[in-house]
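K.L.:
coords please:
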Amino acid sequence: MAAPERYDVDITIIGAGPTGLFAAYYAGFRDLSIAIVDSLPEAGGQVTAMYPEKQIFDVAGFPAIRGRDLVSQLVEQADQYKPTYLLGRKARSLTDVDDGLEIGLEDGSVVRTGAMLITAGIGEFKPRPLPAGNEWLGKGMVHFVKSLEAYRGQDVLIVGGGDSAFDWALNLQPIAGSVTLVHRRAKFRAMEATVRAVRELDVPIITDAEVAELRPAENGELGTAVIDKKKEGEQLELPVQAVIAALGFIADLGPIEAWELELDKRSIAVDTTMRTARERVYAAGDVATYPGKVKLIATGFGEAATAVNNIAVALNPNAHLFPGHSSDSG
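P.N.:
Numbering: from 1, shown residues only. Next comes the predicted model:
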């Protein structure tokens, strides 16, 4: 591990997802120096970790854009202002100091900052395991799809009933040899339109069922899934070379919970300026909450701009809240 370092910046952004990356661009536009801290090793947050290949349809200006492409363009946009990326590092402690804050990272490094903007999404998260197949994790079973092309021609089993499960079924059906979806209940959490689209593709959907066992083929690789059909009291054996366990995830805010902020379940309460209960600490994106909040990437972008402009005034009372239009800057 590298020796601990010290960084001095105007604003530190905790979370390198879409909201954090757009906030970095906006902070640079306001002539603030920036550090971005994230426990994940790559920029993009949950988009990069969980659905880089999925199409996103509700970002303004893009009828459809892949997750990885959205992240790439946000990074390019932010990099105009040369933020300091502190990736693969967790922020552990937060201390008030003269005219600012001091953030302690898990590697012993320290960030001295004028203000902090928390854009940590759902916080630290880990996928819910598939009990019958945990030993196959990374050897035929995954929680998140990194590349659709890796499944070309394979028999794929998707386990789950949420949006991710049905989105993967929709995306993989034209590529895989076969796609089957298994869910433990007859009702789904996924959007009705997505469920309907998957049904129209004639993807087999087995409900009231669970994966009882994953078995190897003769070559030692994943070969068969045993499905318990609970209502019928029967077992079904399916040939599979890949299993996607889209069972959701367990999340918590980690060290953020100890930072003397007002919390509402796993979210941070903010006011109309996106300021938290602690001086010089702001929050935006899915991690922030207020009455009427709608958790969308589009919402996070607006909140990032609101937070950064208010931070600019907090750091320099002579600054204007309204930054002007970026189109006027040439």
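
K.L.:
Strands of the stretch 201-330 of the chain, residue ranges please.
P.N.:
Per DSSP state E, counting those that start in this stretch, the stretch 201-330 of the chain carries strands over the ranges 205-206, 209-216, 222-229, 234-239, 242-245, 249-252, 263-264, 267-269, 281-283, 288-289.

K.L.:
any idea which of these is most buried?
P.N.:
Greatest average neighbour count among these goes to strand 281-283 (a mean of 27), per mean count of other CB atoms under 10 Å. Quick note: C-beta positions are derived from backbone N, CA and C, even for glycine.

K.L.:
hmm, who's touching it?
P.N.:
Here strand 281-283 makes contact (CB atoms under 8 Å, 6 or more residues apart in numbering) with 94, 101, 115-119, 259, 261, 268, 270, 273-276, 307, 310-311.

K.L.:
Ok, which of the strands of the stretch 201-330 of the chain comes nearest Leu172?
P.N.:
Counting by CB to CB, Leu172 lies closest to strand 242-245 out of the strands of the stretch 201-330 of the chain; the figure is 8.2 Å.

K.L.:
who does the closest one pair up with?
P.N.:
Strand 242-245 sits in its sheet next to strand 141-142 (parallel), strand 155-159 (parallel), going by DSSP bridges.

K.L.:
would you turn these into JSON lines with distance to Ala23?
P.N.:
Formatted as JSON lines, those follow (distance: least, CB to CB, whole Å):
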{"stretch": "strand 141-142", "distance to Ala23": "30"}
{"stretch": "strand 155-159", "distance to Ala23": "34"}
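
K.L.:
winner for burial among those?
P.N.:
Highest mean neighbour count of the strands paired with strand 242-245: strand 155-159, a mean of 25 (counted as mean count of other CB under 10 Å).

K.L.:
Run the angle between the helix or strand following it and strand 155-159 for me.
P.N.:
Of the helices and strands lying after strand 155-159 in sequence (DSSP states H and E), the nearest is helix 163-172. Here helix 163-172 runs at an angle of 160 degrees relative to strand 155-159 (axes from the mean of the first three to the mean of the last three CA atoms, to 10 degrees).

K.L.:
what's the next secondary structure element after helix 163-172?
P.N.:
Counting by DSSP H and E, the element after helix 163-172 in chain order, helix or strand, is strand 178-182.

K.L.:
Neighbouring strands of that following strand in the sheet, and parallel or not?
P.N.:
When pairs are called by DSSP bridges, strand 178-182 turns out to pair with strand 155-159 (parallel), strand 205-206 (parallel).

K.L.:
Give the buried residues for the lengthiest helix in the chain.
P.N.:
For the chain, the longest helix by residue count, based on DSSP state H, is helix 297-315. Going by neighbour count (16 or more other CB atoms under 10 Å), the buried part of helix 297-315 is 297, 299-301, 303-312, 314-315.

K.L.:
Go ahead and name everything in contact with it.
P.N.:
Here helix 297-315 makes contact (CB under 8 Å, 6+ apart) with 10-11, 17-20, 22-23, 26-27, 30, 32, 56, 58-60, 114-115, 117, 119, 272-275, 280, 282-286, 288, 293, 319-323.

K.L.:
distance between stretch 49-60 and the chain's centre?
P.N.:
Relative to its parent chain, stretch 49-60 has a centroid offset of 10 Å by CA atoms, centre = their mean, to the nearest Å.

K.L.:
got the contact list for it?
P.N.:
Residues contacting stretch 49-60 (CB under 8 Å, 6+ apart): 40, 42, 44, 47, 62-68, 70-71, 144-148, 164, 167-168, 171, 296-298, 301.

K.L.:
Using ChimeraX, define a selection of the buried residues within the residues you listed.
P.N.:
The following ChimeraX line selects those of the contacts of stretch 49-60 that are buried, judged by 16+ other CB under 10 Å:
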select :40,42,44,47,65,66,67,68,70,71,144,145,148,164,167,168,171,297,301
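
K.L.:
in stretch 179-199, what counts as buried?
P.N.:
Buried, per 16+ other CB under 10 Å, within stretch 179-199: Val179, Thr180, Leu181, Val182, His183, Arg184, Phe188, Ala190, Thr194, Val195, Ala197, Val198.

K.L.:
between these, which is nearest Glu135?
P.N.:
Closest approach between these and Glu135, by CB to CB: Val182, at 18.5 Å.

K.L.:
measure that closest one to Ser39 for me?
P.N.:
Separation of Val182 from Ser39 (CB to CB, to the nearest Å): 32 Å.

K.L.:
Next: Arg184.
P.N.:
Arg184 sits 31 Å away from Ser39, going by CB to CB.

K.L.:
Residues contacting stretch 17-26, please?
P.N.:
Contacts of stretch 17-26 with the rest of the structure, by CB under 8 Å, 6+ apart, involve 13-14, 34, 36, 38, 43-47, 70-71, 74-75, 77-78, 80-81, 83, 117, 119, 121, 284-286, 297, 300-301, 303-305, 307-309.
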